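Trainee: requesting a structural model of the entry that follows:
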Amino acid sequence: MILSPNLKGALLMMGSMAAFTFNDACIKLVAEDLPLFQIVFLRGILTTVFIGALAYALGLRSLAIPRGDWGRVAGRTGAEITSMVAFLVALVNMPLANVTAILAALPLTITLAGALFLGEPVGWKRLAAIVVGFSGVLLIVKPGAEGFNVYSLVAVLAVLLVTARDLVTRRFSDRVPSLAVAVITAGSVGLFGGVLMLWQGWEPITARQAGLVAGAAFFIIGGYLFSIMVMRVGEIGFVAPFRYTALVWALLLGWFVFGDWPRPLTLLGAAIVVATGIFTLYRERKLREAADG
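Mentor: Next up, the predicted model:
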């Protein structure tokens, strides 16, 4: 079966969100015992080694980036690191639900930015799908008004930085290997974590903690690689709503790993998110059949 660029993008986005969410679960478990930036540093080392080995096995022998793309790759790497810092600062200083609600604006900001700066097509049906998905997210996270504070602006900054990261990725030339960008990203994030680790401190590591860090490194490979690839195929307005599937994965992991049983409104929100994705895929299939017919 030959997939259209939009369907490829949807699958890559869902894969990216699943990988990032599983990584988050591993980090959440190990962060109970280890300093955060020690985890970021160790994960960065492992991730760089793993992706480097994968790249070599697939025939990539150099991390050289075409001269015209140097600035774009550097800009993307900087946006990746600064968005991570902004997210962590907001997460530490405000409720998780409120941070998640702000980050749920990403599909809308990326779609609108793509239309404004890249001339991407955006119709009312796609915008409607994003808004409906966002309503489902709000039912899941149920943010409280009292939890919004000055750090909400830091969370908004994280949204803007991720939006910039994805738009820059969209501008990569075809000569930029996604694997090379993933290696550079992993190494840069790990190095940044190592610098902050010197300030935060170091704790001894048990076998269980090492296993969780290795698991996080394994999953973040998919997160990095798929998040790069997804911005290079399909239309942003079609692919963006599939970011909401991260909330569905978070619900499942919260249930099975952390014992957090979802409430009825949460299940309704998840159902809305899933239904939005199914409708979007169904509509894409019908449009493709009409074009082929």
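Trainee: CA only for contacts and neighbour counts going forward, please
Mentor: Will do.
Trainee: run through this protein and note the low-pLDDT ranges.
Mentor: 1, 96-97, 145-147, 292-293 (pLDDT under 70).
Trainee: would you map the strands across it?
Mentor: For the chain, no strands are identified by DSSP state E.
Trainee: do a quick rundown of the helices in it.
Mentor: Here the chain has its helices, by DSSP state H, at 5-30, 36-57, 70-93, 96-103, 106-118, 124-141, 151-170, 178-200, 207-230, 236-239, 245-256, 264-292.
Trainee: could you check the second one and say which residues are buried?
Mentor: So that's helix 36-57. For helix 36-57, burial by neighbour count (16 or more other C-alpha atoms under 10 Å) applies to 36-52, 55.
Trainee: that helix to helix 178-200, inter-axis angle?
Mentor: 160 degrees (axes from the mean of the first three to the mean of the last three C-alpha atoms, to 10 degrees).
Trainee: likewise the fourth one?
Mentor: Between helix 96-103 and helix 178-200, the angle formed by their directions is 140 degrees, by the same axes, to 10 degrees.
Trainee: what's the answer for the last one, then?
Mentor: In this structure, helix 264-292 runs at an angle of 160 degrees to helix 178-200, with the same axes, to 10 degrees as the basis.
Trainee: and what of the first one?
Mentor: Per the same axes, to 10 degrees, the angle that helix 5-30 makes with helix 178-200 is 20 degrees.
Trainee: so which elements touch helix 5-30?
Mentor: Counting contacts by 3 or more C-alpha pairs under 8 Å, 6 or more residues apart in numbering; DSSP states H and E, helix 5-30 is packed against helix 207-230, helix 236-239, helix 245-256, helix 264-292.
Trainee: got it, and the longest one?
Mentor: Secondary structure elements in contact with helix 264-292, counted by 3+ C-alpha pairs under 8 Å, 6+ apart, are helix 5-30, helix 124-141, helix 245-256.
Trainee: list the buried residues for it?
Mentor: 266-277, 280-281, 284-285.
Trainee: give me the neighbour count for the nearest residue to Gly52 once chain neighbours are set aside.
Mentor: Leaving aside its chain neighbours, Gly52 sits nearest to Val183 (6.2 Å; criterion: C-alpha to C-alpha, 6 or more residues apart in numbering). Counted with other C-alpha atoms under 10 Å, residues neighbouring Val183 total 24.
Trainee: so Val183 touches Ile51, yeah?
Mentor: Yes: Val183 is within contact range of Ile51, at 5.9 Å (criterion: C-alpha atoms under 8 Å).
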